[in-house]
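Asks: I would like the atomic coordinates for the input below:
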Amino acid sequence: MGILTIDATESFLVLVGEREKLGKIEKKPIYRIEALNFLSFKPNSTWSPSSGKEYPPYYSVEKFLSSELFYYSLSYPITLSLQRQVTMEDTLRNKPAWKVADRRFFWNYYLLRHFIKKRLADWIIPIIRGFVGILSDYKLPETGDSVSLSVISRISCMRAGTRYNSRGINDDGNVANFVESEQILTIKKHTFSFLLTRGSVPVFWQQRFAQTGFRVETTRTREATFPSFKKHFDEMLKNYKRVHIVNLLAAKQKKEWLLCDNFQNIYDII
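Replies: Purely as a prediction, here's the structure:
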């Protein structure tokens, strides 16, 4: 997993303590993280059950990473959709998995920074946050053909946050709560990959609590929003080539109409 630095005096090596094998994708095992081990680099850790402190210094990180929402594979490039793997240049195929990993979904990148700096490839295993479900060798009742279906949802770590606290876009073009969901279907030696993405409306906006409920506010003008808006869609086209936009907002509602109007006006410019 990597190295967690608490302060200048103590760091921990973070290891997967328990895992569950979910199945295989492209004949390669996929695991869900169930529990972690934290090994202090100090001979005597600053915390023990008798230290008087209720929780160890890594408690919040352990709770977060042990939420059964993190997945990894020792052989499958889990941060990359099958579509991107197929279209990958030959020069990239022989590189270590972490070098070609999609940074958006590489949740333990910071924890692994020391290993990356030293190029310790065997210790660098990217993990994703989201969901993985695998149905293997299902027999179709009509034909008896064997079908395998996998669903992978990858949550971006570039602008994560809780629903009402993380909204809209940032200066780098990353939108809040961006998720890439992939369906992989294999039947009769043919494999198909279908991708859907979702994310917060790519304008600068926020929600504030008022007496009447949450109020939607835009925080920048359309002109000031345009550079980040363009970065977002440039990145989308780079990663997905063809993008079809579906607006799920309710334009008849005043709160959501404001976002619809801002989005449409900026989109028309590009």
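Asks: Do you have the helices of the stretch 1-150 of the chain handy? List them.
Replies: In the stretch 1-150 of the chain, the helices defined using DSSP state H, counting those that start in this stretch lie at 59-65, 82-86, 90-93, 97-100, 113-117.
Asks: Output these as CSV; include the columns mean pLDDT.
Replies: Listed next are the helices of the stretch 1-150 of the chain as CSV, based on pLDDT from 0 to 100:
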stretch, mean pLDDT
helix 59-65, 93
helix 82-86, 92
helix 90-93, 77
helix 97-100, 86
helix 113-117, 92
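Asks: Could you dump these into TSV with mean neighbour count and distance to E142 added?
Replies: Using the backbone N, CA and C atoms, a C-beta is placed for each residue, glycine as well. Formatted as TSV, those follow (neighbours: other Cβ atoms under 10 Å; distance: least, Cβ to Cβ, whole Å):
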stretch	mean neighbour count	distance to E142
helix 59-65	15	43
helix 82-86	16	26
helix 90-93	8	38
helix 97-100	17	39
helix 113-117	14	50
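Asks: For T225, find the nearest of the ones you listed.
Replies: Nearest to T225, of all the helices of the stretch 1-150 of the chain, is helix 82-86, at 28.5 Å by Cβ to Cβ.
Asks: Which other helices and strands does the closest one contact?
Replies: Here helix 82-86 touches strand 190-198, going by 3 or more Cβ pairs under 8 Å, 6 or more residues apart in numbering; DSSP states H and E.
Asks: List the buried residues of the strand it packs on.
Replies: 193, 195, 197 (16 or more other Cβ atoms under 10 Å).
Asks: do stretch 23-35 as well
Replies: Taking 16+ other Cβ under 10 Å as the criterion, stretch 23-35 shows 23-26, 29-33 as buried.
Asks: Lowest pLDDT pick from those?
Replies: The weakest per-residue confidence within those falls on E26 (91).
Asks: dump the residue contacts of that one.
Replies: In this structure, E26 makes contact with 76, 82, 191, judged by Cβ atoms under 8 Å, 6 or more residues apart in numbering.
Asks: quick one on the thing from earlier: which one among the buried residues of stretch 23-35 gets closest to I125?
Replies: Nearest to I125, judged by Cβ to Cβ, of the buried residues of stretch 23-35 is Y31 at 10.0 Å.
Asks: Tell me the bridge partners for the closest residue to the closest one other than its chain neighbours.
Replies: Excluding its sequence neighbours, the residue lying closest to Y31 (Cβ to Cβ, 6 or more residues apart in numbering) is R19, at 4.4 Å. Taking DSSP bridges as the rule, R19 bridges to I33.
Asks: Over to the one 10 residues further on?
Replies: For P29, the beta-bridge partners are K24 (DSSP bridges).
Asks: that older thread, save the buried residues of strand 190-198 as a markdown table, and put in distance to P57 and pLDDT too.
Replies: Formatted as a markdown table, the buried residues of strand 190-198 follow (distance: Cβ to Cβ, whole Å; pLDDT from 0 to 100):
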| residue | distance to P57 | pLDDT |
| --- | --- | --- |
| S193 | 42 | 95 |
| L195 | 40 | 96 |
| T197 | 36 | 96 |
